[in-house]
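>>> missing the sequence, but the structure's below:
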(Lines give C-alpha, C1' and ligand atoms only; values in the text may rest on other atoms or scores of the structure.)
Protein backbone atom coordinates (compact mmCIF):
# COMPACT_ATOMS: atom_id res chain seq x y z
CA UNK A 1 0.00 0.00 0.00
CA UNK A 2 1.57 3.29 -1.10
CA UNK A 3 1.32 6.59 0.77
CA UNK A 4 -0.22 8.14 -2.35
CA UNK A 5 -2.96 5.50 -2.29
CA UNK A 6 -3.70 6.14 1.37
CA UNK A 7 -3.85 9.88 0.75
CA UNK A 8 -6.45 9.28 -1.96
CA UNK A 9 -8.89 7.71 0.49
CA UNK A 10 -11.90 9.79 1.56
CA UNK A 11 -11.33 11.82 4.69
CA UNK A 12 -14.05 9.81 6.44
CA UNK A 13 -11.72 6.78 6.67
CA UNK A 14 -9.51 8.63 9.12
CA UNK A 15 -12.28 9.78 11.44
CA UNK A 16 -13.06 7.92 14.62
CA UNK A 17 -16.29 5.83 14.48
CA UNK A 18 -17.71 8.07 17.20
CA UNK A 19 -16.85 11.28 15.40
CA UNK A 20 -20.02 13.45 15.29
CA UNK A 21 -19.48 14.13 11.59
CA UNK A 22 -19.46 10.42 10.75
CA UNK A 23 -22.49 9.80 12.94
CA UNK A 24 -24.34 12.68 11.27
CA UNK A 25 -23.53 11.37 7.79
CA UNK A 26 -24.63 7.86 8.78
CA UNK A 27 -27.86 9.20 10.26
CA UNK A 28 -28.57 11.21 7.13
CA UNK A 29 -27.97 8.16 4.93
CA UNK A 30 -30.24 6.04 7.12
CA UNK A 31 -33.00 8.66 6.98
CA UNK A 32 -32.60 8.96 3.21
CA UNK A 33 -32.88 5.19 2.74
CA UNK A 34 -35.87 5.02 5.09
CA UNK A 35 -37.75 7.70 3.16
CA UNK A 36 -36.62 6.64 -0.33
CA UNK A 37 -39.67 4.45 -1.05
CA UNK A 38 -42.09 7.11 0.15
CA UNK A 39 -45.33 6.57 2.02
CA UNK A 40 -48.77 7.50 0.74
CA UNK A 41 -51.50 9.18 2.77
CA UNK A 42 -53.31 5.94 3.51
CA UNK A 43 -50.23 4.39 5.08
CA UNK A 44 -49.48 7.58 7.02
CA UNK A 45 -53.05 7.62 8.34
CA UNK A 46 -52.80 3.94 9.31
CA UNK A 47 -49.50 4.68 11.06
CA UNK A 48 -51.16 7.48 13.04
CA UNK A 49 -53.99 5.14 14.03
CA UNK A 50 -51.42 2.55 15.09
CA UNK A 51 -49.84 5.09 17.44
CA UNK A 52 -53.26 5.83 18.92
CA UNK A 53 -53.89 2.18 19.78
CA UNK A 54 -50.33 1.49 20.96
CA UNK A 55 -49.08 -0.50 17.95
CA UNK A 56 -45.67 -0.10 16.36
CA UNK A 57 -46.25 0.17 12.61
CA UNK A 58 -43.78 -1.05 10.01
CA UNK A 59 -41.62 1.79 8.67
CA UNK A 60 -41.43 2.64 4.97
CA UNK A 61 -37.87 1.30 4.69
CA UNK A 62 -38.87 -2.14 5.94
CA UNK A 63 -42.16 -1.89 4.07
CA UNK A 64 -40.45 -1.35 0.74
CA UNK A 65 -38.30 -4.46 1.32
CA UNK A 66 -41.38 -6.50 2.18
CA UNK A 67 -43.11 -5.25 -0.97
CA UNK A 68 -40.07 -6.11 -3.08
CA UNK A 69 -39.85 -9.62 -1.66
CA UNK A 70 -43.55 -10.22 -2.31
CA UNK A 71 -43.08 -9.06 -5.90
CA UNK A 72 -39.91 -11.15 -6.34
CA UNK A 73 -41.72 -14.41 -5.59
CA UNK A 74 -45.00 -13.29 -7.18
CA UNK A 75 -46.63 -14.10 -3.85
CA UNK A 76 -50.13 -15.52 -4.11
CA UNK A 77 -50.59 -16.85 -0.58
CA UNK A 78 -49.26 -14.91 2.39
CA UNK A 79 -49.74 -15.16 6.14
CA UNK A 80 -49.24 -12.22 8.49
CA UNK A 81 -49.03 -12.72 12.25
CA UNK A 82 -49.96 -9.42 13.87
CA UNK A 83 -52.29 -7.28 11.77
CA UNK A 84 -51.86 -4.09 13.78
CA UNK A 85 -53.37 -1.11 11.98
CA UNK A 86 -52.77 -2.63 8.54
CA UNK A 87 -49.57 -0.84 7.52
CA UNK A 88 -47.55 -3.99 6.80
CA UNK A 89 -50.58 -5.56 5.10
CA UNK A 90 -50.68 -2.65 2.66
CA UNK A 91 -46.99 -3.10 1.80
CA UNK A 92 -47.46 -6.84 1.30
CA UNK A 93 -50.53 -6.45 -0.88
CA UNK A 94 -48.79 -3.82 -2.98
CA UNK A 95 -46.15 -6.36 -4.00
CA UNK A 96 -48.24 -9.52 -4.18
CA UNK A 97 -49.76 -11.05 -7.29
CA UNK A 98 -52.95 -9.10 -8.16
CA UNK A 99 -54.99 -12.22 -7.41
CA UNK A 100 -53.03 -13.12 -4.28
CA UNK A 101 -54.70 -13.52 -0.89
CA UNK A 102 -53.33 -12.26 2.43
CA UNK A 103 -54.36 -14.03 5.63
CA UNK A 104 -53.73 -11.75 8.59
CA UNK A 105 -54.14 -12.91 12.19
CA UNK A 106 -54.49 -10.74 15.28
CA UNK A 107 -55.94 -11.31 18.73
CA UNK A 108 -57.17 -7.70 18.90
CA UNK A 109 -60.45 -7.21 17.03
CA UNK A 110 -60.16 -3.42 17.31
CA UNK A 111 -56.85 -3.48 15.45
CA UNK A 112 -58.35 -5.44 12.60
CA UNK A 113 -61.24 -3.03 12.23
CA UNK A 114 -58.74 -0.21 11.72
CA UNK A 115 -56.74 -2.36 9.28
CA UNK A 116 -59.88 -3.26 7.36
CA UNK A 117 -60.67 0.43 6.93
CA UNK A 118 -57.14 1.19 5.67
CA UNK A 119 -57.26 -1.71 3.20
CA UNK A 120 -60.65 -0.56 1.94
CA UNK A 121 -59.40 3.00 1.49
CA UNK A 122 -56.52 1.63 -0.59
CA UNK A 123 -59.06 0.16 -3.01
CA UNK A 124 -58.07 -3.44 -2.36
CA UNK A 125 -60.79 -5.98 -3.07
CA UNK A 126 -62.29 -7.54 0.05
CA UNK A 127 -61.76 -11.07 -1.28
CA UNK A 128 -57.98 -10.53 -1.31
CA UNK A 129 -57.75 -10.25 2.48
CA UNK A 130 -58.77 -12.65 5.23
CA UNK A 131 -58.67 -10.95 8.62
CA UNK A 132 -58.89 -13.63 11.30
CA UNK A 133 -59.41 -12.57 14.89
CA UNK A 134 -57.86 -15.09 17.27
CA UNK A 135 -54.70 -16.46 18.87
CA UNK A 136 -52.01 -17.15 16.30
CA UNK A 137 -51.15 -20.62 17.61
CA UNK A 138 -54.77 -21.72 17.25
CA UNK A 139 -55.34 -20.13 13.84
CA UNK A 140 -52.08 -21.22 12.22
CA UNK A 141 -52.70 -24.87 13.02
CA UNK A 142 -55.82 -24.70 10.84
CA UNK A 143 -53.98 -23.41 7.77
CA UNK A 144 -52.67 -25.62 4.96
CA UNK A 145 -49.08 -26.76 5.38
CA UNK A 146 -46.44 -26.00 2.71
CA UNK A 147 -48.88 -23.71 0.91
CA UNK A 148 -47.61 -20.18 1.58
CA UNK A 149 -45.09 -18.01 -0.24
CA UNK A 150 -44.45 -15.65 2.69
CA UNK A 151 -45.05 -15.65 6.43
CA UNK A 152 -44.52 -12.29 8.11
CA UNK A 153 -44.26 -12.23 11.91
CA UNK A 154 -44.89 -9.06 13.89
CA UNK A 155 -46.09 -10.59 17.12
CA UNK A 156 -44.85 -10.67 20.70
CA UNK A 157 -41.22 -11.76 21.24
CA UNK A 158 -42.26 -14.29 23.85
CA UNK A 159 -44.19 -16.17 21.12
CA UNK A 160 -41.61 -15.79 18.38
CA UNK A 161 -39.90 -19.17 18.63
CA UNK A 162 -43.26 -20.92 18.46
CA UNK A 163 -44.37 -18.77 15.52
CA UNK A 164 -41.18 -19.60 13.63
CA UNK A 165 -41.83 -23.33 14.12
CA UNK A 166 -45.35 -22.94 12.76
CA UNK A 167 -44.14 -20.74 9.89
CA UNK A 168 -41.73 -23.49 8.86
CA UNK A 169 -44.69 -25.84 8.41
CA UNK A 170 -46.75 -23.31 6.47
CA UNK A 171 -44.08 -22.15 4.03
CA UNK A 172 -43.43 -23.92 0.76
CA UNK A 173 -39.86 -24.75 -0.21
CA UNK A 174 -38.33 -21.45 -1.30
CA UNK A 175 -40.90 -19.51 0.72
CA UNK A 176 -39.82 -16.48 2.74
CA UNK A 177 -39.96 -15.89 6.48
CA UNK A 178 -39.95 -12.22 7.51
CA UNK A 179 -39.64 -10.99 11.10
CA UNK A 180 -40.33 -7.32 11.74
CA UNK A 181 -38.57 -5.37 14.52
CA UNK A 182 -35.99 -8.15 14.68
CA UNK A 183 -33.44 -5.94 16.49
CA UNK A 184 -36.07 -5.22 19.13
CA UNK A 185 -35.66 -1.48 19.65
CA UNK A 186 -31.84 -1.78 19.46
CA UNK A 187 -31.83 -3.96 22.58
CA UNK A 188 -30.72 -7.16 20.85
CA UNK A 189 -27.11 -6.09 20.41
CA UNK A 190 -26.76 -4.95 24.03
CA UNK A 191 -25.88 -7.95 26.25
CA UNK A 192 -26.89 -5.93 29.31
CA UNK A 193 -30.51 -6.05 28.16
CA UNK A 194 -31.98 -9.11 29.86
CA UNK A 195 -35.71 -8.41 30.11
CA UNK A 196 -37.95 -11.36 29.09
CA UNK A 197 -38.93 -9.92 25.69
CA UNK A 198 -35.35 -9.16 24.69
CA UNK A 199 -34.12 -12.57 25.86
CA UNK A 200 -36.89 -14.30 23.90
CA UNK A 201 -36.21 -12.27 20.76
CA UNK A 202 -32.45 -12.77 21.02
CA UNK A 203 -32.83 -16.53 21.45
CA UNK A 204 -35.16 -16.88 18.46
CA UNK A 205 -33.08 -14.67 16.18
CA UNK A 206 -29.80 -16.35 17.13
CA UNK A 207 -31.44 -19.72 16.63
CA UNK A 208 -32.26 -18.80 13.03
CA UNK A 209 -28.60 -17.93 12.39
CA UNK A 210 -27.75 -21.61 12.93
CA UNK A 211 -30.90 -23.05 11.39
CA UNK A 212 -30.67 -25.99 9.00
CA UNK A 213 -34.11 -25.19 7.60
CA UNK A 214 -33.56 -21.54 6.65
CA UNK A 215 -30.90 -19.39 5.03
CA UNK A 216 -31.29 -15.70 5.73
CA UNK A 217 -30.06 -12.23 6.57
CA UNK A 218 -30.64 -9.78 9.43
CA UNK A 219 -31.06 -6.30 7.99
CA UNK A 220 -30.48 -3.21 10.16
CA UNK A 221 -33.39 -1.29 8.62
CA UNK A 222 -35.85 0.52 10.88
CA UNK A 223 -36.20 -1.73 13.95
CA UNK A 224 -34.53 -4.61 12.15
CA UNK A 225 -35.89 -6.98 9.51
CA UNK A 226 -34.94 -10.65 9.39
CA UNK A 227 -35.45 -12.29 6.01
CA UNK A 228 -34.96 -16.03 5.59
CA UNK A 229 -35.72 -18.49 2.79
CA UNK A 230 -36.94 -22.00 3.57
CA UNK A 231 -34.57 -24.53 2.06
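Structure received. None of these values were measured; they are calculated from a predicted model.
>>> Only C-alpha atoms from now on, for both contacts and neighbour counts.
Will do.
>>> what about the helices in the chain?
3-7, 20-36, 41-53, 60-72, 87-95, 109-121, 136-140, 160-170, 196-209 (DSSP state H).
>>> Name the residues of the fourth one that are buried.
By neighbour count, and taking 16 or more other C-alpha atoms under 10 Å as the criterion, the buried residues in helix 60-72 are 60, 61, 62, 63, 64, 65, 66, 67, 68, 69, 70, 71.
>>> same check, this time on the last one
Burial within helix 196-209, assessed by neighbour count using 16+ other C-alpha under 10 Å, is assigned to 197, 198, 199, 200, 201, 202, 203, 204, 205, 208.
>>> what helices or strands is that helix leaning on?
Judged by 3 or more C-alpha pairs under 8 Å, 6 or more residues apart in numbering; DSSP states H and E, the packing partners of helix 196-209 are helix 160-170, strand 214-219.
>>> for these, which one sits closest to residue 80?
Closest to residue 80 of the helices and strands packed on helix 196-209, according to C-alpha to C-alpha: helix 160-170, at 10.0 Å.
>>> would CSV of the buried residues of helix 196-209 with pLDDT be doable?
Converted to CSV, the buried residues of helix 196-209 look like this (pLDDT from 0 to 100):
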residue, pLDDT
197, 96
198, 96
199, 96
200, 96
201, 96
202, 96
203, 96
204, 96
205, 96
208, 96
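>>> Of those residues, just say which sits nearest to residue 33.
residue 205 (24.0 Å).
>>> gap between that closest one and residue 218?
9 Å (C-alpha to C-alpha, to the nearest Å).
>>> now residue 124
According to C-alpha to C-alpha, residue 124 and residue 218 sit 31 Å apart.
>>> Then residue 170?
From residue 170 to residue 218 the distance is 21 Å (C-alpha to C-alpha).
>>> what pairs with the residue at minimal distance from the centre of the chain across the strands?
In the chain, the centroid-proximal residue (C-alpha atoms, centre = their mean) is residue 180; its distance is 3.0 Å. Applying DSSP bridges to residue 180 gives these bridge partners: residue 225.
>>> from what I can see it touches residue 221, true?
No - Residue 180 sits out of contact with residue 221 when judged by C-alpha atoms under 8 Å, with a separation of 9.7 Å.
>>> any residues in contact with both of these two?
Common neighbours of residue 180 and residue 221 (criterion: C-alpha atoms under 8 Å, 6 or more residues apart in numbering): residue 62.
>>> how many other residues sit next to residue 129?
18 (other C-alpha atoms under 10 Å).
>>> And residue 103, by the same measure?
19.
>>> so what's it up against?
Residue 103 neighbours (C-alpha under 8 Å, 6+ apart): 77, 78, 79, 80, 129, 130, 131, 132.
>>> What pLDDT does the model give the first one?
On pLDDT, residue 77 comes in at 98.
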